[in-house]
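> Pasted the sequence and its predicted model underneath.
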Amino acid sequence: MAPQGFGRGLLTASPVSGDARTHVTLPWLQSAENVALLLVTTKAGDTLAALEAWLPHIPNSTPVVLFQNGLGSQQVVAKRWAGRPVLAASTTEGANRPSPDVLVHAGAGDTWVGALTASAADHTASVVKQLAETGLRVHSVDNILERLWQKLVVNAGINPFTALLDCPNGDILASALYQQNIDGLCSEISALLEAETSEAVASEALRERIEAVARNTASNTSSMRADVMTGRKTEIGFINGYLVQCGKRHGIATPVNQMLTERVQGL
């Protein structure tokens, strides 16, 4: 059963611009009554359990927006609750939590939202409007899976290397581990992308995309590196691990993705 009652938490936020540190008191909603929009910001591996605990107490008409990294968890949720309005979001906003009570907004970006289930299409415009009222740059897209794949490509090419090398994003580019594996990784992703989505993108273009993001976020700590640093389970299974599973479905060899997945899991 969903817990009842309310609590409060104090969060110290460091925004991209404005006051360097702002203390924010957050109400922790612990009752499912009157929830009009549910934003799911758990780690990918925790999403299913979180929704199984809460959705029985929330009206079937309430839109659910998934903010998970990687791929795999979104499809499971959409299949499990096909009759609900389930949407997914992909964002380039940068943020990190150096400690449980501190939130650092590391960079402004864009957020895209799109429907995963049939009934969600009628809610997309309303969800985008509500999210935009917070100050985010939010866009509606017809094919959110395409946008999620674009982010998956970048995460697969940056996150595992930062975790294994224990370095910020930009430092991976000069490392031997990255240089020895990036071309093979991009070749695998190119083949998987075409098999899974029918989108043909040359491996060279994928490498350029990955390295442009790594340079633009050179001083940032990836979520995967942050997870390793704090002893949390990483989302490698939903990023490079997801690509390994795609390879098995399509008969495409993925030795670099397999290697990165196993090495990060070994951490």
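That came through, no problem.
> quick one, helices of the stretch 101-250 of the chain?
124-132, 144-165, 176-197, 203-216, 223-229, 240-250 (DSSP state H, counting those that start in this stretch).
> Those: which one's closest to residue 75?
helix 144-165 (8.5 Å; C-beta to C-beta). Any C-beta I mention is one placed from the backbone N, CA and C, and that applies to glycine too.
> what inclination does that closest one have with respect to helix 124-132?
40 degrees (axes from the mean of the first three to the mean of the last three C-alpha atoms, to 10 degrees).
> Quick check: buried residues in helix 144-165?
Within helix 144-165, the residues scored as buried using 16 or more other C-beta atoms under 10 Å are 144-145, 147-164.
> picking that back up, if you compare the helices of the stretch 101-250 of the chain, which one is most tucked away?
helix 144-165 (a mean of 22; mean count of other C-beta atoms under 10 Å).
> so what does it touch, helix or strand wise?
Other helices and strands packing on helix 144-165, by 3 or more C-beta pairs under 8 Å, 6 or more residues apart in numbering; DSSP states H and E, are strand 86-91, strand 110-115, helix 176-197, helix 203-216, helix 223-229, helix 240-250, helix 255-266.
> Quick check: mean pLDDT of it?
Averaged over helix 144-165, pLDDT sits at 96.
> from the middle of its chain, how far away would it be?
9 Å (C-alpha atoms, centre = their mean, to the nearest Å).
> Just the C-alpha atoms of it, please, in PDB.
Taking C-alpha atoms only, helix 144-165 is exported to PDB below (Å, rounded to 0.1, in the frame of the first residue of the first chain):
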ATOM      1  CA  ILE A 144      10.100   9.700 -28.400                       C
ATOM      2  CA  LEU A 145      12.000   6.300 -28.900                       C
ATOM      3  CA  GLU A 146      14.000   8.000 -31.700                       C
ATOM      4  CA  ARG A 147      15.000  10.700 -29.200                       C
ATOM      5  CA  LEU A 148      15.800   8.200 -26.500                       C
ATOM      6  CA  TRP A 149      18.100   6.300 -28.900                       C
ATOM      7  CA  GLN A 150      20.000   9.500 -29.700                       C
ATOM      8  CA  LYS A 151      20.700  10.000 -26.000                       C
ATOM      9  CA  LEU A 152      21.500   6.300 -25.600                       C
ATOM     10  CA  VAL A 153      24.200   6.600 -28.200                       C
ATOM     11  CA  VAL A 154      25.900   9.400 -26.300                       C
ATOM     12  CA  ASN A 155      25.600   7.700 -22.900                       C
ATOM     13  CA  ALA A 156      27.000   4.500 -24.300                       C
ATOM     14  CA  GLY A 157      30.000   6.300 -25.700                       C
ATOM     15  CA  ILE A 158      30.800   8.400 -22.600                       C
ATOM     16  CA  ASN A 159      29.400   7.000 -19.400                       C
ATOM     17  CA  PRO A 160      31.200   3.600 -19.100                       C
ATOM     18  CA  PHE A 161      34.500   5.200 -19.900                       C
ATOM     19  CA  THR A 162      34.100   7.900 -17.300                       C
ATOM     20  CA  ALA A 163      33.200   5.200 -14.700                       C
ATOM     21  CA  LEU A 164      36.100   2.900 -15.600                       C
ATOM     22  CA  LEU A 165      38.600   5.800 -15.700                       C
END
